[in-house]
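[1] Provided below are the primary sequence and the corresponding predicted coordinates.
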Amino acid sequence: MSKFYLTTTLPYVNADPHVGFALEIIQADVIARYYRSQGYEVFFNFGTDEHGQKIYEKAIDANMDPQAYTDMWAKKFDKLKDTLNLTYNNFIRTTDEHHVVAAQEFWKICEKNGDIYKKNYKIKYCVGCELEKTDSELVEGKCPIHPNMELEIREEENYFFRFSKYQDRLLALYTARPDFVIPESRFHEIKKFVETGLEDFSISRLASKMPWGVPVPGDLTQVMYVWFDALVNYISAIGWPDDLPKFNSFWPVVQFAGKDNLRQQSAMWQAMLMSASLEPSKQIVIHGFITSGGKKMSKSLGNVINPFEMVEKYGTEALRYFLTREVTPFEDGDFTEERFKEAYNSGLANGLGNLTSRILKMSESYFEKSPVLDFLDEKRDMPPGYDKLIRNYEFKATMDYIWEVIAEVDVEIQEKKPFLVFKTDPEMARKMVEELLKHLISIAKMLTPFMPETSENILEAIKANKMPAPLFLRKE
RNA sequence: CGCGGAGUGGAGGAGUAGUACCUCGUCAGGCUCAUAACCUGGAGGCGUCCGUGCAAUUCGGGCCUCCGCAACCA
């Protein structure tokens, strides 16, 4: 059986899952369900990134053992499976024993290949916060919380990865694989970035300062920097290095990630794989960010959209609908509850839900039992237009395609008027409704990867030949 | 001159070298199978200047405006 391996990034567990990550994992879930329906054996990986300074600090603040702290978060993230109706079949935690071992093994290979070395690393330290600061955190070269204090430059010895060595090989990979990064604009961006030249990056931290990480093999004074450890999950999840047959049967991977992760996924990680003599990933799919009211979501603005809350109010299917149809798959998209409700009413209540009701009402009145039972079970291919779109991760366009069919069927009912014809020529009307039912089946089947429950409900109603309770009630 | 991206009717979004599409809103009409739903028609738009083309919103250039980008941020 053909195999298909896909993964999301592993969210860092220092805050509640937010709707941006919901977008990523729902996109991945749609693809996983689609390929499964096409007969592939799918491995769908998801999990949590649990090491590093931020988590260590939070655990200390909460007066908790870091492991207990991450246990709590991992459970929270795993709840997304029910909340969003996901079908991932592996939940990896970077604190899992086999992952830790894999990360260390990976390190050793890179080291053996001469790509890991020690050097002095200059960090900027704010005495006010008692914290190391990254350049992006600084405002005009100062700590934004303590702008009148000078930053101290501290030096420490860290391990570095020889990223610079892989510039040419990365560029060769990009040339050889024209669809390596989706969409093209992001691919272009990363090519430009790599062309400009690469700097080796730091891949460890002093264990004395920050013990919450994977120990560096052969050097107990250092732990791996989270990125190095976390990226390895993509191979450890499918058995590397101790189950190579399994690994080889699934690798390479399709990775879903946000635009902030472009470099890590499509350059750094690929260089790491090269260093370890492993085949590059299959494809990287980069989505945009979700803004709220045109602004980046932030607690201080109070515009954070909580996926759990949306699901409670509108249902899982509605959220899956909104994120796949109303948000562009690769650009930033805006999410406000107002827009969500609008989309819900027009697309789901008035569109899909209402169409289902009107067809089934006629069918229920004109037929003793469903006239399309044979047709229901028939295995039929999806329209080629549909397949092409979904395989290119064009979620919105695929959904638009389905909704075009919905609109056409609404028009057909209006024009053929089976409800009038029935009064004079019941046989003719029955034929018409039978056609309509077939269209509805086709709609439901195309919808399966996106809205699995709704699809199932529609097919069940057709089978029972009974108008169901409204699938989506209008929200006022 | 660091790199990259974006500017489409009142709002939010697709799209394209040749009558510019969708949702909401708005105006007029129609239908009764349906969830005050559904259908038909109207009003209203491609930031700006220049260039290339028979033809540009689409290609190229200038300008204006906005937004990302060596980390732990989806």
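    That came in fine, so what should we check first? What you see is a predicted model; the values in this text were computed from it and never measured. Residues are numbered from 1 along each chain as shown, chains lettered A, B, ... in the order given.
[2] mind checking how far the residue of the stretch 351-476 of chain A found nearest RNA strand B is from residue A:318?
    For the stretch 351-476 of chain A and RNA strand B, the shortest gap (C-beta to the nearest atom of the strand) falls at residue A:353, measuring 1.8 Å. Yep, even glycine has a C-beta here, placed from its N, CA and C like the rest. For residue A:353, the distance to residue A:318 equals 11 Å [C-beta to C-beta, to the nearest Å].
[3] can I assume residue A:419 sits in a helix?
    Yes - Residue A:419: assigned to a helix according to DSSP: H, G, I helix; E, B strand; the rest coil.
[4] Identify the spatial nearest neighbour of it, chain neighbours not counted.
    Excluding the flanking residues, the one nearest residue A:419 by C-beta to C-beta, 6 or more residues apart in numbering is residue A:362, at 6.3 Å.
[5] Residue A:345: how many residues sit nearby?
    When neighbours are defined as other C-beta atoms under 10 Å, residue A:345 has 17 of them.
[6] Please tell me how far it sits from RNA strand B.
    Look at residue A:345 and RNA strand B: by C-beta to the nearest atom of the strand, to the nearest Å, they are 7 Å apart.
[7] got the contact list for the residue nearest to that residue when sequence neighbours are not counted?
    Spatial nearest neighbour of residue A:345, chain neighbours left out: residue A:474 (5.5 Å); criterion: C-beta to C-beta, 6+ apart. Residue A:474 makes contacts with A:345, A:349, A:350, as judged by C-beta atoms under 8 Å, 6 or more residues apart in numbering.
[8] Show the residue spans covered by the helices in the stretch 351-476 of chain A.
    A:354-366, A:373-377, A:384-391, A:395-416, A:418-424, A:426-447, A:452-464 (DSSP state H, counting those that start in this stretch).
[9] Output those in TSV, with mean neighbour count and mean pLDDT appended to each entry.
    Output for the helices of the stretch 351-476 of chain A, formatted as TSV (neighbours: other C-beta atoms under 10 Å; pLDDT from 0 to 100):
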stretch	mean neighbour count	mean pLDDT
helix A:354-366	19	95
helix A:373-377	12	86
helix A:384-391	16	85
helix A:395-416	16	91
helix A:418-424	14	94
helix A:426-447	19	95
helix A:452-464	18	96
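[10] Could you give the number of residues near the closest residue to RNA strand B within the stretch 151-300 of chain A?
    RNA strand B sits closest to residue A:258 of the stretch 151-300 of chain A, with a gap of 2.5 Å, by C-beta to the nearest atom of the strand. Residue A:258: 18 surrounding residues under other C-beta under 10 Å.
[11] Can you give me the distance of the closest residue to it other than its chain neighbours to residue A:91?
    With sequence-adjacent residues excluded and distances taken as C-beta to C-beta, 6+ apart, residue A:258 is closest to residue A:287, at 5.9 Å. Distance, residue A:287 to residue A:91, by C-beta to C-beta: 21 Å.
[12] So these two - more neighbours on which side?
    residue A:287 (28 against 17).
[13] these two touch, right, the more buried one and residue A:259?
    Yes - the pair formed by residue A:287 and residue A:259 meets the contact definition of C-beta atoms under 8 Å, at 7.1 Å.
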